[in-house]
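Chemist: Here is a sequence with its predicted model. Questions after.
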Amino acid sequence: MPFCQTSKANIYFEIIGSGIPIIMLHGFTPDHRLMKGCMEPIFLEQEGWKRIYFDLPGMGKTTNYSSIQNSDEMLEVVNEFIQALIPDESYLLVGESYGGYLARGIMRKSAERLLGAAFICPLILPEKEQRTVSEHCIVTSDHAFLATLSQQELEDFQSNQVVLNAYNWKRYTAEVLVGCSIADHAFLEKIQQSYGFSFAVDEQSFAKPSLFLLGKQDSVVGYEDAFTILKKFPRATFAIVDSAGHNLQIEQPELFTNLMSEWLNRVEAEQGRHNQID
């Protein structure tokens, strides 16, 4: 199994494909399988991209992370990992939830190396009480399928998804729950005590092709807070998607794949334009 040793963690990672690197940042508690599950279908029809999936400290198979105390140090480890794997290459970022927050931290110092950024249900405000979110609600349910679940499974599913059917349950268990079940919850609780960076993000505009995918029924991070940084992303597609909660990538897979593919097409077009100028 491939690992990358940084100063404060031994990072597990997987690389698929070749070409322009894309750093995939999963959210808080799951592991790289969340990103792999939603992103790999896109590349059945997209070539020329090197996908780099990895497990954040305290999650998945990453080890030797106990000295990390806060999100500043999580970011430090991620930056070291990127520098070790692709020291001189330009690259893209895709961040989901907390991974989207880390992505904005990376952009603060590495914007010149970035070709684009995509955000899936991104964490905008680390402090829960400051977020604008609605009450959790269920949009649609397949009651016949739900009757096959145990009480514990049903309660978990109802608490975390807004579209309840067999397809979503299969992907939710295979891409989200599998990572959550092996996470170091004591370590993650420690990180949540210092969840926000000690510095401001989004101070500079990012004028590269970008994408924001936000669930209209997301009761974890919501969608309204993302409006506060929209002006910092003048090349962003900004989609608020109905029938989608905090796992939009699972609940609206076709729309997710289409918008991600269109974002990659914009990145390629921008690269072609710059190559012509050069």
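Modeler: Sure thing, it's come through.

Chemist: What residues are bridge-paired with the residue lying closest to T63 once chain neighbours are set aside?
Modeler: Excluding the flanking residues, the one nearest T63 by C-beta to C-beta, 6 or more residues apart in numbering is N10, at 4.6 Å. For every residue, glycine as well, the C-beta is placed using N, CA and C. Counting by DSSP bridges, N10 forms beta bridges with Q5, T63.

Chemist: Distance check, N10 against Q130.
Modeler: Applying C-beta to C-beta, to the nearest Å, the value for N10 to Q130 is 34 Å.

Chemist: Have a look at the two and say which one is more surrounded.
Modeler: N10 (15 against 10; other C-beta atoms under 10 Å).

Chemist: pLDDT score assigned to the more buried one?
Modeler: Reported pLDDT at N10 in the predicted model: 98.

Chemist: Tell me which residues are up against the helix or strand hosting M35.
Modeler: Here M35 sits within helix 32-39, counting by DSSP states H and E. Residues outside helix 32-39 that contact it (C-beta atoms under 8 Å, 6 or more residues apart in numbering) are 12-14, 22, 24-27, 51, 53-55, 60, 94, 96, 99, 120, 171, 174-176, 178-179, 249-250, 253, 256, 260.

Chemist: Please apply the same query to stretch 129-144.
Modeler: Contacts to stretch 129-144, defined as C-beta under 8 Å, 6+ apart, come from residues 124-125, 158-159, 161-166, 217-222, 224-225, 242-243, 245.

Chemist: picking up where we left off before, in PyMOL, how would I select the buried members of the contacts of helix 32-39?
Modeler: Of those, the buried ones can be selected in PyMOL as follows, counting by 16 or more other C-beta atoms under 10 Å:
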select buried, resi 12+13+14+22+24+25+26+27+51+53+54+55+60+94+96+99+120+171+175+176+178+179+249+250+253+256+260
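
Chemist: Inside strands: which ones of the contacts of helix 32-39?
Modeler: Among the contacts of helix 32-39, DSSP state E puts 12-14, 22, 24-25, 51, 53-54, 94, 96, 120 in strands.

Chemist: which non-adjacent residue is nearest V221?
Modeler: Spatial nearest neighbour of V221, excluding adjacent residues (C-beta to C-beta, 6+ apart): L123 at 5.2 Å.

Chemist: Quick one: neighbours of the one you found, just the number.
Modeler: 25.

Chemist: Look up how far I138 lies from it.
Modeler: Distance from L123 to I138, counting by C-beta to C-beta: 23 Å.

Chemist: Also G37?
Modeler: Taking C-beta to C-beta, one finds G37 at 22 Å from I138.

Chemist: and these two? which has more neighbours close in?
Modeler: Using other C-beta under 10 Å as the criterion, G37 and I138 rank with G37 on top: 19 against 14.

Chemist: coming back round to it: I'd assumed T62 was in contact with the residue nearest to T63.
Modeler: Yes. Using C-beta atoms under 8 Å, N10 is in contact with T62, at 6.5 Å.

Chemist: Adjacent strands (with direction) for whatever helix or strand I240 lives in?
Modeler: Using DSSP H and E, I240 falls within strand 236-241. The pairing partners recorded for strand 236-241 under DSSP bridges are strand 210-215 (parallel).

Chemist: Quick check: which ranges of the chain have low pLDDT?
Modeler: Residues of the chain meeting the criterion pLDDT under 70: 273-278.

Chemist: Can you show me the helices along it?
Modeler: Here the chain has its helices, by DSSP state H, at 32-39, 71-85, 98-110, 143-146, 151-160, 166-171, 178-180, 185-192, 248-251, 253-277.

Chemist: Name the stretch among those helices that sits most buried.
Modeler: Mean neighbours per residue, mean count of other C-beta atoms under 10 Å, is largest over the helices of the chain for helix 248-251, with a mean of 26.

Chemist: Before I go, just wanted to say thanks for your time.
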